[in-house]
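The sequence and its predicted three-dimensional model are supplied below.
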Amino acid sequence: MDLSELVEAVRRHKRIVIASVLVAAIVAGLYVYTRREARPADKFRAVANVQIPAPAPPSRNAPQPAVIASPSVPTKLLRGQPQMALSSEVREKALSDTGIPKNDTSVTFAAALNDSADTITLTVMGTDGDAIGKLIGNYVQAYGDARRALSQQTIQANQQGSQEQLRTLQARRSALESQLRQKLETLPPIVEDPQLTSAQNGSGASRQSQQQQQQQVVPVIPPGADADTTQMLFERNALANRITAIQLAVADAAVNSNVPNSYAETLDQSGAARIPGKTSSPVIPAAIIILAGLAIGLAAAVLIDRRDHTIRSVRVASSTLSAPLLATTPPPRRGRQEFSILERPDSTRSDAFRKLAATCVATDQLPQAIMVSTPEGDAHDYVAANFAAALADLGLRVALVATSPSQSWYLEHFTAPIDGENDLSQLLELAHEGVFNGQATRHLAWTDLTENLVIVPPSPEGALNVPLDAFPPFLDSLQRSGVDVTVIAGPPLLEDANATIVAWETRSVMWAVQVGTVTKRAASEAAARLELAHVDPFGVVIVGAPEA
């Protein structure tokens, strides 16, 4: 479909397009209104920085942590800190302690480690400032509790293993001391490991010096002790220091697990800070909705137009009926048909029919009798009446022949004939009998609006009964009575069998096609009937689409 066809489809179905755009505009307006009413609520954020022991950096270039973990800190507490802080247990405990339901989706948690992995930043956000201010403290508390609980679990697990190890080492030490008492009168004292001494005294000796001191741990060897005794004394001294080291490690871990800030110390904590709710502009979504409505309207107009098989263009009407276009006229006024030429001479409709009459006369081929018909419908009633009046307005003597009771409105402004009222059927019988002669106009209705137009009233019967040899003497009588052109109003060619007979007897047909009322198939069939009857179409008059 090219642009011109699209424009034509929109013009024909403009109400559908306008309705679609209006509906889209209403939807867009409701969207904008609801967006303004549902403005996002302000949020509040609270932040806390918590210091935790971190492992020593693997290289010199790595950031130096502020607090290096002692050997007693469980490895799990040095890795995956955000996972622990964001675990469901920690979050639910913080919410519960604050009095917030655990399924409250308006509250969010966040946790992030710094580059040195010795500080974790805990963040909570929500719509209630007071609740968020309390929640951050409970969140830090729940996080510290989780770390202490993990430490206690680790200590308990280590204690179980350490107790078994201690029993084994102590049993071996007792066995050695029993053997040594058999060889020595007095057992020498235990020489303590300097590393254990420095740990107890909080010494800051380096790892290298500790290793040197460890190498200098030599037990007291009595004079004259043989090699086996010396070896047992060394093993006894090492067992004693090993037992002491295990006991110190277990005790140190147990003490640290009970210290409040041993595994998580709060460095700073902020109150709830307001974060204004952000609202995106509804203009672009509203414009998209309106454009979508326009697109739907255009698509609907095109779809309906393509499914419509009626004649809606001059080109299609002219080519289908094999006749040239004579004129295009506006549709009749809503609710009634009229003689526009006689009643409203200054109207657009009157001007259109005057142009039609002038065109027909200018061709110099206007027949003495012409049938105005349509393939189906009643557009010919309106066209025939105003075409006859327009010809009369040009000075021609015109007889308008009504063929259907529906055309009785022709007589509204006309006076009964001088020689009494006679309808078309009666006049055809008079013509057939030879009585309808040169004084034919005395049998026809006339009006003071124009002296050049007379009307043959329609028969009261529903169907027109046309004897095959009646129309020629009837038309001849009208001509001898001074009528220049006889305009026969129908009937529609495909709806009345007598229409073909009338067309055949007049030998000339003017098609009246109203936009959107005649299908292409009906027009083709009507044109084929005229061709079979050897009747030449005089031309086509396009009547505008009916007013809704």
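All right, it came through fine. Numbers count the residues shown, from 1 in each chain.

got a list of what residue 545 touches?
If you count contacts by Cβ atoms under 8 Å, 6 or more residues apart in numbering, residue 545 has them with 12, 312, 331, 514, 515, 516. C-beta coordinates here come from the backbone N, C-alpha and C atoms, glycine included.

err, residue 537, not the other one
Residue 537 touches 321, 322, 323, 509, 510, 511, 527, 530, counting by Cβ under 8 Å, 6+ apart.

Same question for residue 134.
Residue 134 sits in contact with residue 98, where contact means Cβ under 8 Å, 6+ apart.

Helix or strand for it, just tell me which one.
helix 129-183 (DSSP states H and E).

Tabulate the contacts of residue 537 in JSON lines, adding columns for pLDDT, secondary structure and distance to residue 303.
Listed next are those as JSON lines, based on pLDDT from 0 to 100; DSSP: H, G, I helix; E, B strand; the rest coil; distance: Cβ to Cβ, whole Å:
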{"residue": "321", "pLDDT": "91", "secondary structure": "helix", "distance to residue 303": "27"}
{"residue": "322", "pLDDT": "90", "secondary structure": "coil", "distance to residue 303": "30"}
{"residue": "323", "pLDDT": "92", "secondary structure": "coil", "distance to residue 303": "31"}
{"residue": "509", "pLDDT": "95", "secondary structure": "strand", "distance to residue 303": "35"}
{"residue": "510", "pLDDT": "95", "secondary structure": "strand", "distance to residue 303": "34"}
{"residue": "511", "pLDDT": "95", "secondary structure": "strand", "distance to residue 303": "29"}
{"residue": "527", "pLDDT": "93", "secondary structure": "helix", "distance to residue 303": "29"}
{"residue": "530", "pLDDT": "91", "secondary structure": "helix", "distance to residue 303": "34"}
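
And those residues, which of them are buried?
Among the contacts of residue 537, those classed as buried by 16 or more other Cβ atoms under 10 Å are 321, 322, 323, 509, 510, 511, 527, 530.

Let me see the contact set for the first one.
The neighbours of residue 321, taking Cβ under 8 Å, 6+ apart as the test, are 511, 513, 523, 526, 527, 537, 540.

want to throw those residues into TSV with secondary structure and distance to residue 283?
Listed next are these as TSV, based on DSSP: H, G, I helix; E, B strand; the rest coil; distance: Cβ to Cβ, whole Å:
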residue	secondary structure	distance to residue 283
511	strand	53
513	strand	48
523	helix	50
526	helix	55
527	helix	56
537	strand	58
540	strand	51
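
Name the nearest of these relative to residue 290.
Comparing the contacts of residue 321 against residue 290 with Cβ to Cβ places residue 513 closest, at 37.4 Å.

Give me the number of neighbouring residues for the nearest residue to that closest one once chain neighbours are set aside.
Counting by Cβ to Cβ, 6 or more residues apart in numbering, residue 513 lies nearest to residue 317, which is 5.0 Å off, once chain neighbours are set aside. When neighbours are counted by other Cβ atoms under 10 Å, residue 317 registers 22.

can I assume residue 317 sits in a strand?
No. The assignment for residue 317, made by DSSP: H, G, I helix; E, B strand; the rest coil, is helix rather than a strand.

from memory it sits against residue 325, does it?
Yes. Judged on Cβ atoms under 8 Å, residue 317 makes contact with residue 325 at a distance of 7.4 Å.

and stretch 480-495, average pLDDT?
Mean pLDDT, computed over stretch 480-495, is 91.

so how far is it from its chain's centroid?
How far stretch 480-495 lies from its chain's middle: 59 Å, per Cα atoms, centre = their mean, to the nearest Å.

in stretch 102-109, what's buried?
107, 109.

Let me see the residues that make contact with that stretch.
Residues outside stretch 102-109 that contact it (Cβ under 8 Å, 6+ apart) are 85-86, 91-92, 94-96, 100, 122-128, 131-132, 135, 139.

10 Å instead, please
Residues from elsewhere that reach stretch 102-109 (Cβ atoms under 10 Å, 6 or more residues apart in numbering): 41, 43, 45, 85-88, 90-96, 98, 100-101, 122-128, 131-132, 135, 139.

Show only the entries of the residues you listed found in strands.
Among these, DSSP state E puts 43, 45, 122, 123, 124, 125, 126 in strands.
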